[in-house]
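Peer 1: Let's see this in three dimensions:
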Amino acid sequence: MIARIIVMAAREAPLTKAAMMSLVRGPTRRAFAAALPFLGAGGRVPRPRLDLILAPSNLGLRPPKAGAQPGVWAAPTALRVAGLVEALSADRVSELPRPPYKFGAEAGTRIRNGREIRAFSERLSFEVGRTLRDGGFPLVVGGDCSILLGCLLGSGAAGDIGLLHVDGHSDFFHPGNYDSRRRLGSVAGMDLALAVGRGELSLALWSGRPLVRDRDVVQIGEREALREGVGYGDIVRTEIRRLPMRTVLEQGVARTVAAALKPVDGERRRLWLHIDLDVLDRSVMPAVDSPGSPGLDFPQLAELTAGLLASGRIVGADVAIFDPELDPAGVHARAVVDCLRQGFAGLMSPV
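Peer 2: Below is the predicted model:
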């Protein structure tokens with residue numbers, strides 16, 4: 001209801017800071033208040049056109065069992081059936097063709113579907129870049145977390161940006177912390193590492209450089225206690241800022257928003273927002289590749305998303321890892337749609 005009031009109030013003009021604060025109450029008010037210091041000049045929340053880009057890729061995940069493909073490729077269709085386009089009042093909808101999935105290793109790469117991920121990322125980057133060049137806001141719905149690479153590549157149209165990586169896992173596997181000779185790497189577990197330039201060069205470097213710098217990344221929601229030498233615990237030696245799940249739950253969403261948006265050396269860089277739905281607690285969202293606890297509930301994720309977007313610094317976002325095969329009744333699909341409706345309410349076109 002609050003989200004709808006905000007949208008209706010903005011029909012004639014963007015909301016000022018004061019007007020927004022007069023409309024929101026409770027936890028949502030606290031998240032918006034935390035974001036207000038980071039609004040752009042003039043104190044107005046930009047209201048660009050919302051373009052929904054459907055990216056039905058499962059290339060970054062390993063097979064759930066022998067001969068079976070991961071079901072996340074069907075997420076864009078399932079969410080669309082659950083009313084996603086109408087819930088977001090999307091101005092434009094585009095859908096990429098589903099890329100072919102290969103089960104075995106390929107010559108020249110130790111990353112599962114490595115070659116096709118490169119090609120799909122380039123196709124996705126074109127769609128993201130087109131929206132940004134047209135002055136719109138791209139919301140990419142996957143699919144698995146490998147779509148982050150194409151999103152960041154395309155967001156180069158907005159200039160150098162930072163990354164808010166909202167994920168129940170840090171996704172920081174790379175050949176430096178696992179034996180790539182003995183097993184294939186899966187990009188859904190290494191998307192953050194690749195984004196900051198660690199891993200196979202074909203996916204880690206684009207035009208000779210990483211997609212984003214360590215110091216411009218904030219990882220939000222890691223539920224494991226990371227230690228040097230264990231798993232991808234070497235992330236602790238990087239300049240990536242980390243807000244683990246237990247910290248988020250202890251300090252609350254509003255303080256998390258403020259911490260995530262804190263400028264680096266005084267620079268308020270524009271940001272891409274990545275949301276892996278496994279940041280939700282398994283008690284409310286079991287239909288993901290790697291469910292776990294502790295995690296957020298749907299209202300907390302909506303509040304976090306709305307608070308970050310209220311800063312006016314987010315140029316685009318992607319949502320990944322929902323698996324409709326684990327949700328035959330569509331219950332979780334509808335919950336995801338409602339969460340995104342609330343979280344992205346400030347970007348909805350007036351209706």
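Peer 1: which stretches of the stretch 201-350 of the chain have low pLDDT?
Peer 2: For the stretch 201-350 of the chain, applying pLDDT under 70 flags the ranges 227-231, 348-350.
Peer 1: how about the strands of the chain, start to end?
Peer 2: For the chain, the strands defined by DSSP state E cover 50-55, 92-95, 137-142, 162-166, 217-220, 241-243, 271-276, 314-320.
Peer 1: Residues touching the last one, excluding its own?
Peer 2: Applying Cβ atoms under 8 Å, 6 or more residues apart in numbering, the contact partners of strand 314-320 are 55, 72, 75, 128, 131-132, 137-145, 147-148, 151, 154-155, 158, 161, 164, 188, 270-277, 305, 308, 336, 340, 344. Any C-beta I mention is one placed from the backbone N, CA and C, and that applies to glycine too.
Peer 1: Go through the chain and flag its longest helix.
Peer 2: Counting by DSSP state H, the longest helix found in the chain is helix 114-133.
Peer 1: mind checking pLDDT for the residue of the chain most remote from its centre?
Peer 2: The outermost residue of the chain relative to its centre, with distances by Cα atoms, centre = their mean, is Ala107 at 30.4 Å. Listed pLDDT for Ala107 reads 88.
Peer 1: Spit out the contact partners of it.
Peer 2: Neighbours of Ala107 in contact, by Cβ under 8 Å, 6+ apart: none.
Peer 1: if we can go back for a sec, and the longest helix of the chain, what's buried?
Peer 2: Under the neighbour-count criterion of 16 or more other Cβ atoms under 10 Å, helix 114-133 has 114-118, 120-121, 124-125, 127-132 buried.
Peer 1: same for it, what does it pack against?
Peer 2: strand 50-55, strand 137-142, helix 147-154, helix 201-204, strand 314-320 (3 or more Cβ pairs under 8 Å, 6 or more residues apart in numbering; DSSP states H and E).
Peer 1: What's the mean pLDDT across the longest one?
Peer 2: In this case it means helix 147-154. For helix 147-154, the mean per-residue pLDDT is 98.
Peer 1: by how many degrees do that helix and strand 271-276 diverge?
Peer 2: 170 degrees (axes from the mean of the first three to the mean of the last three Cα atoms, to 10 degrees).
Peer 1: And the first one, by the same measure?
Peer 2: Compare the direction of strand 50-55 with that of strand 271-276 by the same axes, to 10 degrees and you get 50 degrees.
Peer 1: got a list of contacts for strand 50-55?
Peer 2: If you take Cβ under 8 Å, 6+ apart as the criterion, strand 50-55 is touched by 76-77, 80, 84-85, 88-96, 120, 124, 127-128, 131, 136-143, 147, 150, 318, 344, 347-349.
Peer 1: Cross-check the contact I'm expecting between Leu280 and Ser293.
Peer 2: No - if you go by Cβ atoms under 8 Å, Leu280 and Ser293 don't touch, sitting 9.8 Å apart.
Peer 1: Name the residue in those two with the higher neighbour count.
Peer 2: Shown here are Leu280 and Ser293; by other Cβ atoms under 10 Å, Leu280 has more neighbours (29 against 11).
Peer 1: contacting residues for the more buried one?
Peer 2: 168, 288, 295-298, 301.
Peer 1: Pass me the low-pLDDT residue ranges in the stretch 51-200 of the chain, would you?
Peer 2: In the stretch 51-200 of the chain, no residues with pLDDT under 70.
Peer 1: Can you report phi and psi for Gly135?
Peer 2: phi 80, psi 10 (degrees, to the nearest 10).
Peer 1: ok, it - how many residues close by?
Peer 2: For Gly135, the count of nearby residues is 9 (other Cβ under 10 Å).
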